[in-house]
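*Asks:* Curious how this folds, go ahead:
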Amino acid sequence: MDTKEQALEILSLQPYGVMGTVAQTKPYARIMTFIHDENLKLYTIAPEHSTILRQLESKPFTHILYGYKDSDDDVFLEIEGHVDITDDDVKKDEILQTFNHIHHNTFNDEHNVLLCVTPVRMRIMHTTQNEPRDVIIH
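*Replies:* Residues are numbered from 1 along each chain as shown. Next up, the predicted model:
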């Protein structure tokens with residue numbers, strides 16, 4: 001299995017990742033729910049007046065840890081990405097429908113924005129070789 005296929009498999013195992021941002025000189029992290037596409041882009045939503053959006057306005061980059069679970073097979077992804085606000089209504093609806101049961105209707109279509117994370121660098125961590133493997137993104 002090549003690295004892109006392995007990354008897609010990891011992304012398919014669970015919908016959660018820890019997304020980091022920076023405001024001024026301080027780091028912030030939060031657990032976010034994501035969907036992804038075959039090009040390894042991640043999509044999530046955030047309330048339109050949220051702290052995360054204010055942080056991304058000044059520094060539109062993120063670092064995400066995705067897929068770690070405490071088990072013998074603790075392979076996960078480390079993703080560095082550029083974040084954009086996008087107007088893809090299909091993806092936005094997919095996220096709202098997919099995670100409605102998780103967020104118990106706290107998100108609604110009128111008061112949130114869709115974020116698209118385009119990976120700049122992605123690595124598979126804790127492989128059987130114990131060395132990170134770079135994922136070929138393009």
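*Asks:* what about the lowest-mean-pLDDT helix or strand in the chain, distance to the chain center?
*Replies:* None of the helices or strands of the chain scores lower by mean pLDDT, DSSP states H and E than helix 89-103, at a mean of 82. Using Cα atoms, centre = their mean, to the nearest Å, the mean C-alpha position of helix 89-103 is found 14 Å from that of the whole chain.
*Asks:* and T21, which of the three is it?
*Replies:* The local conformation at T21, judged by DSSP: H, G, I helix; E, B strand; the rest coil, is strand.
*Asks:* so what's it closest to, chain neighbours aside?
*Replies:* Q55 (4.3 Å; Cβ to Cβ, 6 or more residues apart in numbering). Bear in mind the C-beta positions are built from the backbone N, C-alpha and C, glycine included.
*Asks:* ok, now I45?
*Replies:* Spatially, and ignoring its direct neighbours in sequence, I45 is nearest to N112 (4.6 Å; Cβ to Cβ, 6+ apart).
*Asks:* per-residue confidence for that neighbour?
*Replies:* We have a pLDDT of 85 for N112.
*Asks:* Next up, the contacts around it.
*Replies:* 45-48, 92 (Cβ atoms under 8 Å, 6 or more residues apart in numbering).
*Asks:* Show me what counts as buried in the helix or strand containing T44.
*Replies:* Here T44, judged by DSSP states H and E, is contained in strand 42-47. Across strand 42-47, burial judged by 16 or more other Cβ atoms under 10 Å covers 42-46.
*Asks:* So what angle separates the directions of it and helix 89-103?
*Replies:* 70 degrees (axes from the mean of the first three to the mean of the last three Cα atoms, to 10 degrees).
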